[in-house]
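Chemist: requesting a structural model of the entry that follows:
(2 chains)
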Protein chains: 2
Amino acid sequence: MDRFTVTYRIVAEDDADAMARAEAIALEDTVEIPRDVVPTGYVEDTVLGRVEAVTACGNGVWVGRIGYHMDAVGRELPQLLNVILGNASILRGVKAIDLKANGALAERFPGARFGATGLRELTGRKSGGYVCPVIKPQGSSSETLARLCYLTAVAGADIVKEDHGLSNQDAAPFKERVKACAAAVQQANRERADQGDTSRALYFASIGGHGDQVRDLAYYAKDAGATGILLIPGLFGFDAMNRLAQDADFGLPIMAHPSHLGPYVLSPDHGYSHGMLFGQLMRMAGADISVFPNYGGRFGFSKDECSSIVDACRAENGAGPAILPSPGGGMSLDRLGDMMSHYGEDCVYLLGGSLLRYGDDIGDAIREMRTALSAT
Amino acid sequence: MDRFTVTYRIVAEDDADAMARAEAIALEDTVEIPRDVVPTGYVEDTVLGRVEAVTACGNGVWVGRIGYHMDAVGRELPQLLNVILGNASILRGVKAIDLKANGALAERFPGARFGATGLRELTGRKSGGYVCPVIKPQGSSSETLARLCYLTAVAGADIVKEDHGLSNQDAAPFKERVKACAAAVQQANRERADQGDTSRALYFASIGGHGDQVRDLAYYAKDAGATGILLIPGLFGFDAMNRLAQDADFGLPIMAHPSHLGPYVLSPDHGYSHGMLFGQLMRMAGADISVFPNYGGRFGFSKDECSSIVDACRAENGAGPAILPSPGGGMSLDRLGDMMSHYGEDCVYLLGGSLLRYGDDIGDAIREMRTALSAT
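Modeler: Model prediction:
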């Protein structure tokens, strides 16, 4: 296959209109000129997107598959997204719903460094779902946040994740906070090891700062003792995540947060399908863990939409290794049993604000989570 | 005012529901924990978003105004967007429609370096609309693209803009292409000066590469002779643009391209209003020129939506200096008169693919544009 393919959901009036709209997407996302002035030869034969199939689905909806040559992309992720859904993101009634890589795409964008298998090794958690408390709220001091890190880590958390809103505010500046939280988790891990625990808590620092500082901040976090990072591709760019994932010297797992990405999936007519954005694209862009709002929480994702994300995270033909889905958003302990039966053990279970109700007994909540997620 | 405010369009069932949803946004975009566990004191009084007003608009729609303290933001743009519409972007029926800065916000995010007034000076074009040919298609060699630059610049173009799809592909690698195109525009400017022309063409290089290379690529372009850059905030991040805008050493004007941003405006219920995204936010994030799809072209923006963008680009109370709107997308020469009467002379008029129909006579098209945009 000399092309990778993107499937689009297309709203159209009839077969001819659907075909015309598919041809328009193929032009828009590559050469962006009228069809009659596309230069013959290389540009027309190779660079121009190629409509491979357009199929009616009923109810005014068609599905069109377009093949793109890697020559239209090059080697950098921003231009890949430009080709997949750049200007076409502005066309009415066009939604990207599936990506099928070819060899060239898979080679240039190899996906996550660790994935689901790697996280088992890094945490030493051989089975069961991952217990992942979220450290917050912003406005707290570094000491307060570090204490939450310690209490949750020592009680058995697998991943201690900073809230994505912990950025670089004066109350807990990035560098001060990360140093304190990393030390707290390290202390907890020492105590766990002393008690014979063969698992350990990873500490994922939330990258907060300027976009052009992401690499430096990630390395700072690593040097300070962080064992993973949380990044927001919707604010820092998918390429920022991918660059760290492909950096062997960096070598820490990455958790992707969905902040600012809602509009890409909330409309049936525009953006990406849930599975393509939070599954396929996160995975291709190097996320080891993809966070998304769980069904039944305070966000409006359906159970099927969540399943489509999970399927894409785990699909055998996806980019690189399978990655871990991570549902969250207004969850509480009493829902974990239901979630475990839906998502299974290769899943990072987020619990945030409701943990704070436990106060100094937050360790009890972590142990309850552990019990709920170990039962199979 | 110790807070800046964001106004949201909220879909709700009744007044009480609308108020509850506004309170939910205020929580979601700051502390992201349940209201009953928000720590008293600093976090509750300062960090937590504050609902200032919720007003019914009829038809199941309310408008809510929320005040945020800069302490929730810090000094970096990614976290500002997190506060404005981070997790709230994933809430159903929540759309950000207006931003009102306070002094602290205006100080930390001062906007564009040049804006509308600056572009008059940089181009030497004292009046009339700006003639802006778009150099394309991708897949062409650097020589072919440089020739288009020369032909359009020597014929009187004000801004020679590379297509946003010219990235870093093998057919015309970024560094080779930018060097050739910059030299071509410089040659054309010398010839214009020799003929007594007091105006000159600026050459805006399209930044194509990795996200963490944006600064280096922009400086490379400048050193090669580029006199502006084109950047895609929807792929590289709004902060990447702002960092260059605030870099006095860099000091070139910036054109923002809307690629990949469509889903933020196309749904009435989610994302941003057209004016807020392509006007207020582009302006605050340092764009001197904001590109958007013109009404009546191949994209679906209405005339009113385009007007709201223009109004926000020019509003007296906006961030920094007024900036230039730049409508494009499938335009042709015969529409320029109508556009000029709608947008006026402080506007960058894009003309792309249709120019290619002129072949070697592309200079004639530029002169026709000049005539159409000079008539007042």
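Chemist: before we move on, which element is residue A:369 in?
Modeler: helix A:362-374 (DSSP states H and E).
Chemist: tell me what that helix is packed against?
Modeler: Helices and strands touching helix A:362-374, as assessed by 3 or more Cβ pairs under 8 Å, 6 or more residues apart in numbering or on different chains; DSSP states H and E, comprise strand A:130-135, helix A:142-154, helix A:336-343, strand A:348-351. (C-beta placed from N, C-alpha, C; glycine too.)
Chemist: outside of it, which residues touch it?
Modeler: Identification of contacts with helix A:362-374 by Cβ atoms under 8 Å, 6 or more residues apart in numbering or on different chains yields A:127-131, A:133, A:148, A:151-152, A:154-157, A:333, A:336-337, A:340, A:345, A:349, A:351, A:355-356, A:358.
Chemist: give the contact list for residue A:160.
Modeler: For residue A:160, the contact set (Cβ under 8 Å, 6+ apart) comprises A:132-133, A:135, A:149, A:152-153, A:181, A:185, A:201-204.
Chemist: ok, the closest residue to residue A:357 other than its chain neighbours - contacts?
Modeler: Here the nearest residue to residue A:357 in space, its sequence neighbours aside, is residue B:37; by Cβ to Cβ, 6 or more residues apart in numbering or on different chains that works out to 5.8 Å. Residues in contact with residue B:37 (Cβ under 8 Å, 6+ apart) are A:353-354, A:356-357.
Chemist: again, only using 10 Å
Modeler: Neighbour list for residue B:37: A:136-137, A:353-359, B:31 [criterion: Cβ atoms under 10 Å, 6 or more residues apart in numbering or on different chains].
Chemist: now it: how far from residue B:16?
Modeler: The span separating residue B:37 from residue B:16 equals 22 Å under the rule Cβ to Cβ, to the nearest Å.
Chemist: ok, residue A:271 touching residue B:234?
Modeler: No: in this structure, residue A:271 is not within contact of residue B:234 by Cβ atoms under 10 Å, at 11.6 Å.
Chemist: the residue positioned nearest the centre of chain A pairs with what?
Modeler: What sits nearest the mean C-alpha location of chain A, by Cα atoms, centre = their mean, is residue A:290, with 3.2 Å. As for beta bridges, residue A:290 partners with residue A:256, residue A:325 under DSSP bridges.
Chemist: quick check: it touching residue A:310?
Modeler: Yes: here residue A:290 lies in contact with residue A:310, judged by Cβ under 10 Å, at a distance of 9.3 Å.
Chemist: who touches both of these two?
Modeler: Each of A:278-279, A:324-325, A:327 lies in contact with both residue A:290 and residue A:310 under the rule Cβ under 10 Å, 6+ apart.
Chemist: just to revisit the earlier point, nearest to residue A:79, of the contacts of residue A:160?
Modeler: Within the contacts of residue A:160, proximity to residue A:79 (Cβ to Cβ) peaks at residue A:204, which comes in at 28.9 Å.
Chemist: tell me who's in contact with that closest one.
Modeler: When contacts are counted by Cβ under 10 Å, 6+ apart, residue A:204 is found next to A:132, A:134-135, A:159-162, A:181, A:185, A:221, A:226-231, A:252-255, A:257, A:288-289, A:348.
Chemist: keep only those of these that are in strands.
Modeler: Of the positions in these, A:132, A:134-135, A:159-162, A:228-231, A:254-255, A:289, A:348 sit in strands, assigned by DSSP state E.
Chemist: mind picking the two most distant members of these?
Modeler: For the ones in strands among the contacts of residue A:204, the farthest-apart pair by Cβ to Cβ is A:135 and A:254; their separation is 17.3 Å.
Chemist: coming back round to it: looking at the ones in strands among the contacts of residue A:204, which is nearest residue B:26?
Modeler: For the ones in strands among the contacts of residue A:204, the minimum distance to residue B:26 (Cβ to Cβ) is 18.8 Å, reached by residue A:134.
Chemist: ok, that closest one touching residue B:87?
Modeler: No: counting by Cβ under 10 Å, residue A:134 sits too far from residue B:87 to count as a contact (12.0 Å).
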